[in-house]
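A.B. asks: Let me see the structure of the following:
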Amino acid sequence: MAVMETLAAVEIKGNLGAIGYGLAAIGPGVGIGYIFGNGVQAMARQPEAVGLIRQNMILGFAFCEALALIGIVMPFVYPS
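C.D. replies: Next comes the predicted model:
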């Protein structure tokens, strides 16, 4: 019984923002995978549109990466 009471009284230390960012980084990672996977398929199907497809892939990648960078900054802006 005393063990359960001491376990309940244990205080969580550290920055929980790091755990939150680790979970939030999954979204942009999946998004970037979709962008490049579908972009390569589109280039294989229409080789004449490679320039336009590549341009849109890079733009989508930049937006997804911006979300990841915003996520890494937020724990520093609003520390717990």
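
A.B. asks: longest helix of the chain?
C.D. replies: helix 50-77 (DSSP state H).

A.B. asks: List the contacts of the most centrally placed residue in the chain.
C.D. replies: What sits nearest the mean C-alpha location of the chain, by Cα atoms, centre = their mean, is Ala25, with 2.4 Å. Ala25 makes contacts with 68, 71-72, as judged by Cβ atoms under 8 Å, 6 or more residues apart in numbering. All C-beta atoms are positioned from the backbone trio N, CA, C, and that covers glycine.

A.B. asks: Tabulate these in a markdown table, adding columns for distance to Arg45 and pLDDT.
C.D. replies: Putting these into a markdown table (distance: Cβ to Cβ, whole Å; pLDDT from 0 to 100) gives the following:
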| residue | distance to Arg45 | pLDDT |
| --- | --- | --- |
| Ala68 | 29 | 84 |
| Gly71 | 33 | 78 |
| Ile72 | 35 | 79 |
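
A.B. asks: just the buried members of the residues you listed?
C.D. replies: Applying 16 or more other Cβ atoms under 10 Å to the contacts of Ala25, the neighbour count classes 68, 71 as buried.

A.B. asks: got JSON lines for the contacts of Ala25, with distance to Gly31 too?
C.D. replies: Formatted as JSON lines, the contacts of Ala25 follow (distance: Cβ to Cβ, whole Å):
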{"residue": "Ala68", "distance to Gly31": "9"}
{"residue": "Gly71", "distance to Gly31": "12"}
{"residue": "Ile72", "distance to Gly31": "16"}
